[in-house]
Each structure stands twice: as structure tokens, then as C-alpha cells.
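**Q** Got a sequence here, can you model it:
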Amino acid sequence: MNYKLLPSIFTFLNLSFGMLSILFTLTNNTKLAALMIIISAFVDRYDGKIARKFDAVTLFGKELDSLSDLISFGAAPAILCWSLFLSNFGIIGYIITILFPIAGAYRLARFNVTQFNNVYMGVPITVAGGIIALDCLLNIFILEHNLISTILMLILSFLMVSKVKIQKR
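**A** Numbers count the residues shown, from 1 in each chain. You can find the predicted model right below:
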């Protein structure tokens, strides 16, 4: 087996789970949709580690990872939140739904064009999308808190594009 393909396989798994999240949302299976985002985050954690382990770090892989992350942690959480509660907020709901993946895209683009020294600038989209997925599960299973979830989306959108520095773990 060509081990240099492993990072891309993990990246495609991330993208696949993100797409499954969107499809589950479209069929009103929001619990599974949120779970798919969380699984995407778990899988995404390993593509870079595998690439470094097998000396397979490439610019192509970095771009592919960012495109996959935008779907799994930008679009999928936004569509899930739209389905669960943002559609109740009219034009504001539309704006927030669109704003979250825009902030994520900006964050990813900035990451791709700057030198990385183990310090992230802004909250990574994987973290923001994962937090949104967990919040959606809380919203579904424990207590409906649509306004708090909406505010959380706005805060995370801001934090993704902010210049707050976060040490990589």
C-alpha cells in the first residue's frame, strides 16, 4: 500500500462525514447530522499527523484539507443550525447561517497563506464546527436554547476571524 495516500483518505473521510451530515439534516435526522460533524472532527485530527509521519505533507493535501473542513465544519453545522432553529429568525437567520461558513472560509484561507508556528490565529474551524455540533446535540436532547445557540454561532464566527492566538496541542 502507498502510505502517502493515507492522509488524503482521511481527508476524504472527513469530507464524506460532512456531506453525510448535510444529507441527514436534509432528511430531518438532526441527531445523526450532529454526530457526523463530531466524527469528521475526530477523523480530521489525524490526516495531518499521518501526513507528517509518512513524510507526505503537500500543498495539495493542505488545500484539500481546507476544502473538506469548509464543508464539514462550516457548511454542515450552518445547515444543521438552520434546520434546528435559525429558520425561525427570518432574515437574521439567513444572515447568521451564511456568516458562519464565510468566517470559516476566511479563517482557512488566512491559515493557508501564513506561516504556521504551532500557534493558530483565530479559533480553528474544526473547533468551532465541533462546538456547534455539540451544542446542537444539547439543543436536541437536553434543553432547547435557540437564542443561546444563535449567540454562540455569532461568537464563534467572530472568534474564527479574530487575531486571538491559540497554541496548538
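
**Q** where do the strands sit along this structure?
**A** 119-121, 165-167 (DSSP state E).

**Q** Check those for me and report the most buried one.
**A** With neighbours taken as mean count of other CB atoms under 10 Å, the strands of the chain reach their highest mean count in strand 119-121, at a mean of 14. Heads up, the C-betas are built off the backbone N, CA and C, glycines and all.

**Q** Return the distance of that strand from the chain's centre.
**A** Distance of strand 119-121 from its chain centroid, counting by CA atoms, centre = their mean, to the nearest Å, is 16 Å.

**Q** same for that strand, what does it pack against?
**A** Here strand 119-121 is seen to pack against helix 90-113, strand 165-167 when contacts are counted using 3 or more CB pairs under 8 Å, 6 or more residues apart in numbering; DSSP states H and E.

**Q** want to throw the strands of the chain into a markdown table with mean pLDDT and distance to Gly129?
**A** Formatted as a markdown table, the strands of the chain follow (pLDDT from 0 to 100; distance: least, CB to CB, whole Å):
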| stretch | mean pLDDT | distance to Gly129 |
| --- | --- | --- |
| strand 119-121 | 92 | 14 |
| strand 165-167 | 91 | 15 |
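
**Q** In JSON lines: those, plus distance to Ile95.
**A** Listed next are those as JSON lines, based on distance: least, CB to CB, whole Å:
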{"stretch": "strand 119-121", "distance to Ile95": "25"}
{"stretch": "strand 165-167", "distance to Ile95": "26"}
